[in-house]
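K.L.:
Kindly generate the corresponding structure for this input.
(one chain, ligands or ions: 1)
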Amino acid sequence: MLQEYEEDKKTNKDHVATPRWVVEDIYSLIHIEEYKSIWFPFNNYDSQFKLKADELNLKYKATHIFDDKHEDFFITEPPINCDLMISNPPFSQQNKIIARSFELIDTNKIKAFCLLLPLSTLETETRADLYEQYIDKLGIIIFKKRIKFINCKASFNKACCWICYNIPYVQKISWI
Ligand SMILES: C[S@@+](CC[C@H](N)C(=O)[O-])C[C@H]1O[C@@H](n2cnc3c(N)ncnc32)[C@H](O)[C@@H]1O
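P.N.:
Numbering: from 1, shown residues only. Model (predicted):
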């Protein structure tokens, strides 16, 4: 599976790896050490979300489409009593991912989430209609600088934001 993952990394435009500073900033902002059952649904092997979580001794489950069980986000169950789902999902599937994330909230399978998404996630009628339904506990953190993702050309640098749901330390709107 590791080989499959390495091959995919070379060709899949969706595989943009998150730099460490982005992970450290959000972990500190949301006080990640207060969460007891964390899920990283798009993370495996070399993910900084995982590596930093190991350093902090966090209790988490990391899954990925190329792990040994081929754990597809759309059908994988979160860990028991999951109080936080956090990741950088494949941007090209964002509409389906956002919809599934709210479905997991509605069914009490996760209590809260933080998704790193392109700033353009705030556009489109489909996404806006969905965000509006959950506005009560929604928090948006906008990056002041574009993110240079690991192993991506400078031309890929993206304006991004965190879409957070039910995270107490996050304001309705803020900049990082
Ligand atoms: C944007 S990358 C982020 C990787 C890692 N989370 C990070 O931040 O460094 C998204 C990853 O999700 C994987 N992926 C794509 N579709 C998936 C699915 N349905 N379920 C789980 N993982 C998936 C891709 O192969 C890719 O490695």
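K.L.:
Please give me every residue in contact with the most centrally placed residue in the chain.
P.N.:
Ranked by distance to the mean C-alpha position of the chain (Cα atoms, centre = their mean), the top residue is residue 87 at 2.0 Å. By Cβ atoms under 8 Å, 6 or more residues apart in numbering, residue 87 lies in contact with 40, 41, 42, 43, 49, 114, 115, 116. No exception for glycine: its C-beta is placed from N, CA and C like everyone else's.
K.L.:
Could you report the neighbour count for the last one?
P.N.:
In this case it means residue 116. Other residues near residue 116 number 26, with proximity taken as other Cβ atoms under 10 Å.
K.L.:
my guess is it meets residue 19, correct?
P.N.:
No - judged on Cβ atoms under 8 Å, residue 116 makes no contact with residue 19 at a distance of 10.9 Å.
K.L.:
measure residue 88 to residue 136 for me?
P.N.:
According to Cβ to Cβ, to the nearest Å, residue 88 stands 25 Å off from residue 136.
K.L.:
ok, now residue 91?
P.N.:
Distance from residue 91 to residue 136, by Cβ to Cβ: 26 Å.
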